[in-house]
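**Q** My questions concern the predicted model and sequence given below.
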Amino acid sequence: MNEETFIVMEEDIDNRLDVYLTEQYEELSRSYIQKLIKEKLVRVNGKIEKAKYIVNLDDKIKVNLPEKEEISIKPEKISIDIVYEDEDLIVINKPQGMVVHPAPGHYSGTLVNALLHHCGDNLSNINGMMRPGIVHRIDKDTSGLLVVAKNNKSHEILANQFKEHTNTRKYRAIVVGNIKEEEASVDAPIGRHPVDRLKRAVINNGKHAVTHFKVLNRFKNYTYIEARLETGRTHQIRVHLSYIGNPLLGDPIYGPKSSKFNLKGQILHAKVLGFIHPSKGEYMEFVSELPNYFEKILKTLENSYSKNK
């Protein structure tokens, strides 16, 4: 048996236990997860619960996964852009197109594969063997900053800051359409899309979600903005901007189906990340320059806008 521990984050509350674990072990079926629960191989806060148990914030879930179901995640020598590193954590500037952690269809070439090569065993194991060190995620086609924990104590302290919203997360994005307000907020609950399992949507019984944004520049049919997360729901910025009628340029799920630009994904960059260091107790803030693909789109829009003025 291989015992793994998960701590329920805010974005996952109100899910059934079997649904929650199916999302953590994406390579396992829900029926198999239910079998593990029925065989008492899953404990929540030290207690046996049923599959229908609704997970709560900070629940500690321990899973004894039979050896035959393990998937070996191998270290790979992949270049990563390290912004900061010490014995407790590592801040990475993730490129667009890189998957953060292994999942079906992406068992290699992920940030986790690269981290295993770079850090060895010096990564927290709170979120299991598929997500060692991963405190928070950004989407495959979103570029920018994220922090990785090297030990469990650091992981818990950092995760708590994400839970309490005491950290800083600012993004740069280009959206379709012209946003009239200089600054605004979107306060709309987000949950699973009622039909498409891969999507999120603004729904009445969703989880509290707030995104703040301000306009940095306007082009004829596009707007360059800074978005700041108050909460951290899956796909939050993408869903909220689509909800107000200004989806991210290049977003393959929530945006227009076609674009005159040759894009590989949504134009969204995690530019600023700030948090209190878990052992030093000092606030640290990191800034990532816009990647080339983002700068190129901005320059194209600026040139086009100037010509049409």
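**A** Sure, I can see it. Residues are numbered from 1 along each chain as shown.

**Q** my read: residue 225 touches residue 175, true?
**A** Yes: counting by Cβ atoms under 8 Å, residue 175 is a contact partner of residue 225 at 6.2 Å. C-beta coordinates here come from the backbone N, C-alpha and C atoms, glycine included.

**Q** Could you check which of those two has the larger neighbour count?
**A** More crowded of residue 225 and residue 175, by other Cβ atoms under 10 Å: residue 175, with 27 against 23.

**Q** Residues in a beta bridge with the more buried one, which ones?
**A** Beta-bridge partners for residue 175, by DSSP bridges, are residue 223, residue 248.

**Q** when you give positions from now on, start the count at 20
**A** Sure thing, new numbering starts at 20, so read that last one as residue 194.

**Q** how close does it sit to residue 286?
**A** 8 Å (Cβ to Cβ, to the nearest Å).

**Q** try residue 139
**A** Noted for residue 139: a distance of 35 Å to residue 286, by Cβ to Cβ.

**Q** quick one: which of the two has more around it?
**A** Per other Cβ under 10 Å, whichever of residue 139 and residue 286 has more neighbours is residue 286, with 30 against 9.

**Q** got a list of what the more buried one touches?
**A** 192-193, 267-269, 312-313, 316 (Cβ atoms under 8 Å, 6 or more residues apart in numbering).

**Q** Stretch 55-64: end-to-end distance?
**A** Across stretch 55-64, the terminal residues are separated by 16 Å (Cα to Cα, to the nearest Å).

**Q** Check what pLDDT residue 53 gets.
**A** Looking at residue 53, its pLDDT stands at 94.

**Q** Spit out the contact partners of the spatially closest residue to residue 35 that is not a sequence neighbour.
**A** Leaving aside its sequence neighbours, residue 35 sits nearest to residue 71 (Cβ to Cβ, 6 or more residues apart in numbering; 5.5 Å). Neighbouring residues of residue 71 by Cβ under 8 Å, 6+ apart: 35-37.

**Q** for those, which one is nearest residue 182?
**A** residue 36 (19.4 Å; Cβ to Cβ).

**Q** What is the burial count for that closest one?
**A** Applying other Cβ under 10 Å, we find 22 residues neighbouring residue 36.

**Q** dump the residue contacts of it.
**A** Counting by Cβ under 8 Å, 6+ apart, residue 36 has contacts 56, 61, 63, 68-74, 80.

**Q** Find me the pLDDT at it, would you?
**A** The model reports residue 36 with a pLDDT of 96.

**Q** roughly how far apart are it and residue 170?
**A** Separation of residue 36 from residue 170 (Cβ to Cβ): 27 Å.

**Q** Can you mark which positions in stretch 25-39 are buried?
**A** Buried residues in stretch 25-39, counted by 16 or more other Cβ atoms under 10 Å: 25-31, 34-39.

**Q** ok, of those residues, which one's closest to residue 219?
**A** residue 30 (9.8 Å).

**Q** On the three-state scheme, the nearest residue to residue 237 once chain neighbours are set aside is what?
**A** Once flanking residues are discounted, residue 237 sits nearest to residue 197: 5.8 Å by Cβ to Cβ, 6+ apart. With DSSP: H, G, I helix; E, B strand; the rest coil as the basis, residue 197 sits in coil.

**Q** Who are the contact partners of residue 197?
**A** Applying Cβ under 8 Å, 6+ apart, one finds that residue 197 lies in contact with 237-242.

**Q** quick one on the thing from earlier: I'd like the contacts of residue 36 laid out as a markdown table, including distance to residue 227.
**A** What follows is the contacts of residue 36, written out as a markdown table (distance: Cβ to Cβ, whole Å):
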| residue | distance to residue 227 |
| --- | --- |
| 56 | 28 |
| 61 | 28 |
| 63 | 23 |
| 68 | 25 |
| 69 | 27 |
| 70 | 26 |
| 71 | 23 |
| 72 | 22 |
| 73 | 16 |
| 74 | 17 |
| 80 | 22 |
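
**Q** What subset of those is buried?
**A** Among the contacts of residue 36, the ones that count as buried by 16+ other Cβ under 10 Å are 56, 61, 63, 68, 70, 72, 74, 80.

**Q** bridging residues for residue 104?
**A** In beta-bridge terms (that is, DSSP bridges), residue 104 pairs with residue 109.

**Q** OK, contacts around residue 92?
**A** By Cβ under 8 Å, 6+ apart, the contact set of residue 92 is 121, 126, 131-132, 135, 148-149.

**Q** Tell me the one of those nearest residue 177?
**A** Nearest to residue 177 among these is residue 131, at 16.7 Å by Cβ to Cβ.
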